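Participant: need a 3D model of the following:
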Amino acid sequence: MIRILGIDPGSRTTGFGVIDVEGQRLICAGSGCIQTRGDSLAERLAEIHQGILDVAENYAPQEIAIERVFVQRNADSALKLGQARGAAISAVAGLRLPVHEYSPTQIKQAVVGRGNAAKKQVQHMVCALLNLNRTPPADAADALAMAICHSHLRGAMAQLAAGRGMRRGRLWK
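Facilitator: You can find the predicted model right below:
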């Protein structure tokens, strides 16, 4: 079994999602949101850092998946997102956990099958893939989607590393 922590960074709300991967089976171990209350950006970044440390301590993940920074229309928002992401990464990097980064398109493609899927579609598929009986908040669902994306891609990479390849849609050795 492998435990993966997905992180959806944000300067006001940072989502987290933890899944256990047992063979082909995905199990939700937990999810939630770190709501920052600080007035200054520095205070909020410290809250994100401590919140991710607490989550990592409580759930003991073995690998981390986080969204890669993407350029938004508003440069100030993109910078704040990058700083929130940095606070989250520095928290887990101090624990010597491997960090894997994925673009929003890669995450949506892995979870929904389309790189331009809407948030509601991602939430729906997260619920279906993890057999959840209620929909998590959007930020937590995005974090779970990151963990799911990593589980799928790490499985594909393991197959390639084992000397397997693809020929006409079939695995071969």
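Participant: which secondary element of the protein has the worst mean pLDDT?
Facilitator: The helix or strand of the chain with the poorest confidence is strand 170-172; it has a mean of 51 (mean pLDDT, DSSP states H and E).
Participant: confirm that Gly113 sits in a helix.
Facilitator: No - judged by DSSP: H, G, I helix; E, B strand; the rest coil, Gly113 forms no part of a helix; its state is coil.
Participant: and for it, the neighbour number?
Facilitator: Using other CB atoms under 10 Å, Gly113 has 10 other residues around it. For glycine as for every other residue, the C-beta is placed from the backbone atoms N, C-alpha and C.
Participant: and the one 10 residues further on, by the same measure?
Facilitator: The tally of other residues near Gln123 (other CB under 10 Å) stands at 21.
Participant: does it touch Ala143 like I think?
Facilitator: No - in this structure Gln123 lies outside contact range of Ala143 using CB atoms under 8 Å: 11.6 Å.
Participant: list the buried residues in the helix ranked longest in the chain.
Facilitator: As assigned by DSSP state H, the longest helix anywhere in the chain is helix 138-161. For helix 138-161, burial by neighbour count (16 or more other CB atoms under 10 Å) applies to 138-154.
Participant: sec struct for the closest residue in space to Met146 that isn't next to it in sequence, please.
Facilitator: Ranked by CB to CB, 6 or more residues apart in numbering and with sequence neighbours excluded, the top spatial neighbour of Met146 is Gly6, at 3.5 Å. Reducing the assignment to helix, strand or coil with three-state DSSP, the entry for Gly6 is strand.
Participant: what residues are up against Gly6?
Facilitator: The neighbours of Gly6, taking CB atoms under 8 Å, 6 or more residues apart in numbering as the test, are 15-19, 64-66, 142-150.
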